Every structure is written in structure tokens, then in C-alpha cells.
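Engineer: let's see this in three dimensions:
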Amino acid sequence: MKLWKMHGAGNDFLLTDNREQVLKYKNSLAEILCDRHFGVGADGFIALENSDTCDIKMSFFNADGTEDTMCGNGIRCLAKYARDIGAVDKMDFTVETGDGTKKIKVMKEGKHESSVMVDMGEYSFKTEDLSIDKNSEEFINEKIVMNDGTEFYISCVRIGVNHGVIFVENDFDYPAVYGREIESLSVFKKDMNVNFVRYIDESHIEVKTWERGVGKTLACGTGSSASAIITQRLKKAENRIHVKTPGGRLIITVEGNKVFMEGPAEKVAEVIVD
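Structural biologist: Below you'll find the predicted structure:
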């Protein structure tokens with residue numbers, strides 16, 4: 001089995017070509033391969049597959065084997081992978097995901113690294129779309145209290161997957177300390193990804209993310225998008241926001257109810273798994 005190891009701003013993935021549909025038990029395979037001690041190691045596993053509605057299809061699995069609908073950094077890596085192996089021959093193409101069709105534009109192409117823009121689609125603040133157990137239409141600036149008494153104010157938005165955004169003032173490692181606890185709060189009927197955001201100015205923020213099924217990651221494309229959306233709603237912000245993550249930088253553009261993400265996709269290695 002041939003894999004590519006890739007990353008987008010440090011968020012790393014294993015990708016394989018499954019257009020012949022030879023892979024079975026993809027959940028278990030993802031869990032085994034993504035293990036950083038007994039497998040190859042990655043935040044997620046991506047299978048490139050054929051689509052009846054788009055140019056290609058993305059099947060995405062978190063490191064713990066759970067399947068998810070969308071991954072922002074992952075789909076950029078898939079875009080480069082698909083171009084490099086000849087699965088698509090256009091710079092603009094479409095990808096079928098669990099969150100619907102995503103439009104891709106390869107902005108700059110290189111042997112090891114490419115720059116890719118993704119039309120992330122529309123977002124929603126509705127609690128019914130977020131599976132939040134709350135008798136209100138939105139979950140914005142809601143107070144949550146940690147087991148140690150620490151209080152946060154969280155705002156939630158769905159952009160491909162569910163994300164909570166919390167503004168903080170310092171560079172403390174909040175995801176490592178509070179990510180798992182917040183993800184599993186009873187108010188969230190489905191696990192919630194959590195982003196801790198430092199507001200720098202109208203066009204710059206810093207984001208640290210806890211991803212469900214993975215843990216603390218160096219970057220998250222949907223999380224950066226969610227953070228930009230909430231920043232634009234609650235702070236003084238431009239529609240084009242530069243996002244600094246521990247693993248790199250992304251550019252998120254919020255236009256009305258649509259979001260566009262631009263960032264790198266880099267090939268690390270080719271791997272053969274027996």
C-alpha cells in the first residue's frame with residue numbers, strides 16, 4: 001500500500017489513492033496508520049476516491065478512526081495530491097465531501113509545496129445545526145465553567161464541522177489543559193472542536209486548536225475559518241483575516257455567509273506499508 005505523508009501548516013495527513021475501492025475497514029486502518037508510535041503517524045487519514053457528482057471525492061478519518069465530514073487543511077493536501085498523481089488535470093476543480101461540494105483553486109504549484117484556495121461554503125450559528133442542547137437559536141458568548149473553576153465565554157459556529165471559539169489574552173497552552181473537557185461538555189450533544197483565539201488587530205489573529213478525535217494540533221483549517229467568522233462577528237475586523245497557528249499561517253476571507261481559505265499543502269514523503 002502506497003501512502004503520501006503531507007501537511008498543511010503542520011496539520012499532517014496520510015493520503016492514498018482508493019479510486020479502485022480496494023480498501024476495507026478504513027476506520028481501523030486510519031487508527032493503525034495514524035498512531036505516532038506503532039504506525040506511520042498523522043492527525044488524519046484521507047482516501048482519494050471517485051465521485052459521481054464532482055471531479056474527485058475525499059473520505060476523511062481522524063487519528064482515532066472516527067470519520068468526519070470535512071477537513072480544511074486536509075482538503076488542500078488532497079488537492080495537491082490529486083494534481084500530482086494525475087487524478088485531476090485542472091487547476092480549478094470540485095471535491096465531494098461529507099459537507100457537500102467544495103470548490104478548489106490551486107493558486108501556485110510547486111514540486112514539494114503548493115498554495116491552494118478552498119471555497120469552504122456557508123456557515124451556520126444555529127444550535128440545531130450544531131447539535132447543541134440549548135433553548136436558544138445561537139450559542140454566542142455563552143459562559144462555561146471548568147472543573148477547576150476557570151470561566152470561559154464560548155461562541156459556536158458550524159463550518160463543515162462544529163467549532164467553539166474562545167477569546168483569550170495570553171499564550172498559555174489552553175488546548176492541552178482544557179480542550180478535552182470543553183469538547184465533552186454535556187451541552188454539546190456531538191463532540192465540539194475548540195479554538196482559543198488571541199485578537200491581534202483588525203486583520204490578524206492567533207489560533208490554537210483542540211480537534212476532536214485528534215487532540216491538540218498545529219493547525220486546523222475549519223478551526224481557523226470558524227475563528228475568523230467569530231472574530232468578524234464579535235470584534236472589529238476586516239473580511240480578510242491572517243491567521244497564525246503554531247504550525248503556519250492561513251488566510252481566511254469571510255464574504256457574507258461564505259468563507260474562503262488559502263494556505264499551503266506540502267508533500268513530506270512517500271511511504272510503502274506492507
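Engineer: list the contacts for residue 5?
Structural biologist: Applying Cβ atoms under 8 Å, 6 or more residues apart in numbering, we find residue 5 in contact with 12-14, 40, 42, 267-271. C-beta: built from backbone N, CA, C; applies to glycine.
Engineer: mind pulling up the pLDDT for it?
Structural biologist: Residue 5 is assigned a predicted lDDT (pLDDT) of 98.
Engineer: relative to residue 120, how far out is it?
Structural biologist: Per Cβ to Cβ, to the nearest Å, residue 5 is found 24 Å from residue 120.
Engineer: what does residue 153 give?
Structural biologist: 25 Å.
Engineer: where exactly do the strands run in the stretch 1-150 of the chain?
Structural biologist: 2-8, 11-17, 44-49, 56-62, 67-68, 92-97, 100-108, 113-122, 142-145 (DSSP state E, counting those that start in this stretch).
Engineer: circling back to that earlier point, between the contacts of residue 5, which is nearest residue 70?
Structural biologist: Nearest to residue 70, judged by Cβ to Cβ, of these is residue 13 at 13.3 Å.
Engineer: what's the lengthiest strand in the chain packed up against?
Structural biologist: Scanning the chain for the longest strand, with DSSP state E as the assignment, gives strand 258-272. Under the contact criterion of 3 or more Cβ pairs under 8 Å, 6 or more residues apart in numbering; DSSP states H and E, strand 258-272 touches strand 2-8, helix 72-85, strand 113-122, helix 221-234, strand 248-255.
Engineer: looking at those, which is nearest to residue 188?
Structural biologist: Smallest distance to residue 188 across the helices and strands packed on strand 258-272 (Cβ to Cβ): 14.2 Å, for helix 221-234.
Engineer: what sits against residue 137?
Structural biologist: Residue 137 touches 125-127, counting by Cβ under 8 Å, 6+ apart.
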